[in-house]
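Trainee: Provided below for reference: sequence and predicted model.
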Amino acid sequence: MTDDILCRVGAVIESRKGADPGTSYVAKLFDKGLDAILKKVGEEATETVMAAKDGDPKKVVYEVADLWFHSMVALAHFGLKPEDVLNELARREGLSGLTEFAQRGNK
Ligand SMILES: N=c1c2ncn([C@@H]3O[C@H](COP(=O)(O)OP(=O)(O)OP(=O)(O)O)[C@@H](O)[C@H]3O)c2ncn1[C@@H]1O[C@H](COP(=O)(O)O)[C@@H](O)[C@H]1O
């Protein structure tokens with residue numbers, strides 16, 4: 001698996017800005033606004049927790065995919081891309097553990 005899929009989906013999400021809400025789920029979400037986007041992020045986070053508590057790995061994957069997808073819509077609302085989060089994860093890759101995070105002023 002590469003991170004290409006995140007970037008491709010991110011590009012499709014970006015392309016839905018200003019599109020007809022009747023033709024696209026993402027365009028409909030953008031049209032409803034930030035509160036609606038964040039509501040979906042919250043719902044999918046809750047559904048992820050419930051799937052994990054059920055101990056159902058397949059369901060966990062499905063719900064995390066929903067969570068990542070809606071989080072990408074939230075990123076796009078702020079003009080951000082999946083690449084911005086991937087870059088942040090890559091930056092952290094060089095840090096070792098909480099102590100170093102704290103020393104460098106990360107949360
Ligand atoms: N990855 C997704 C994706 N994951 C989930 N969903 C939608 O997110 C919603 C998930 O909501 P729920 O699971 O809560 O299901 P629901 O209760 O039916 O949802 P709602 O009643 O709240 O709509 C569903 O309507 C799914 O269709 C997605 N919709 C789109 N994508 C990607 O976005 C691209 C653009 O989609 P369109 O904008 O629809 O063309 C697609 O090609 C995909 O790559």
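Mentor: Okay, I see it.
Trainee: host element of the closest residue to residue 51 other than its chain neighbours?
Mentor: Spatial nearest neighbour of residue 51, chain neighbours left out: residue 59 (3.9 Å); criterion: CB to CB, 6 or more residues apart in numbering. From N, CA and C alone the C-beta is placed, and that goes for glycine too. Element membership for residue 59 (DSSP states H and E) is helix 57-77.
Trainee: same question for that helix, mean pLDDT?
Mentor: Regarding helix 57-77, the rounded mean pLDDT is 98.
Trainee: show me what it is packed against.
Mentor: Judged by 3 or more CB pairs under 8 Å, 6 or more residues apart in numbering; DSSP states H and E, helix 57-77 is in contact with helix 4-15, helix 25-32, helix 34-54, helix 82-93.
Trainee: what is the orientation angle of that helix with helix 82-93?
Mentor: 110 degrees (axes from the mean of the first three to the mean of the last three CA atoms, to 10 degrees).
Trainee: for helix 57-77, buried residues please.
Mentor: By neighbour count on 16 or more other CB atoms under 10 Å, the buried set for helix 57-77 is 60, 63-64, 66-67, 69-77.
Trainee: that one vs helix 25-32, what angle?
Mentor: 50 degrees.
Trainee: is the ligand contacted by helix 57-77?
Mentor: Yes. Residues of helix 57-77 are located near the ligand by CB under 6 Å from any ligand atom, namely 66, 69.
Trainee: return the alpha-carbon coordinates of that helix using PDB.
Mentor: C-alpha atoms of helix 57-77 as PDB (Å, rounded to 0.1, in the frame of the first residue of the first chain):
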ATOM      1  CA  PRO A  57     -11.400  -6.100  12.800                       C
ATOM      2  CA  LYS A  58     -13.200  -5.900   9.400                       C
ATOM      3  CA  LYS A  59     -15.700  -3.400  10.800                       C
ATOM      4  CA  VAL A  60     -12.800  -1.400  12.300                       C
ATOM      5  CA  VAL A  61     -11.200  -1.100   8.900                       C
ATOM      6  CA  TYR A  62     -14.500   0.000   7.300                       C
ATOM      7  CA  GLU A  63     -15.100   2.600  10.000                       C
ATOM      8  CA  VAL A  64     -11.600   4.000  10.000                       C
ATOM      9  CA  ALA A  65     -11.900   4.400   6.200                       C
ATOM     10  CA  ASP A  66     -15.000   6.400   6.700                       C
ATOM     11  CA  LEU A  67     -13.200   8.400   9.400                       C
ATOM     12  CA  TRP A  68     -10.100   9.100   7.300                       C
ATOM     13  CA  PHE A  69     -12.400  10.100   4.300                       C
ATOM     14  CA  HIS A  70     -14.400  12.600   6.300                       C
ATOM     15  CA  SER A  71     -11.300  13.900   8.000                       C
ATOM     16  CA  MET A  72      -9.900  14.600   4.500                       C
ATOM     17  CA  VAL A  73     -13.100  16.500   3.600                       C
ATOM     18  CA  ALA A  74     -12.500  18.600   6.800                       C
ATOM     19  CA  LEU A  75      -8.900  19.200   5.800                       C
ATOM     20  CA  ALA A  76     -10.000  20.400   2.400                       C
ATOM     21  CA  HIS A  77     -12.400  22.800   4.000                       C
END
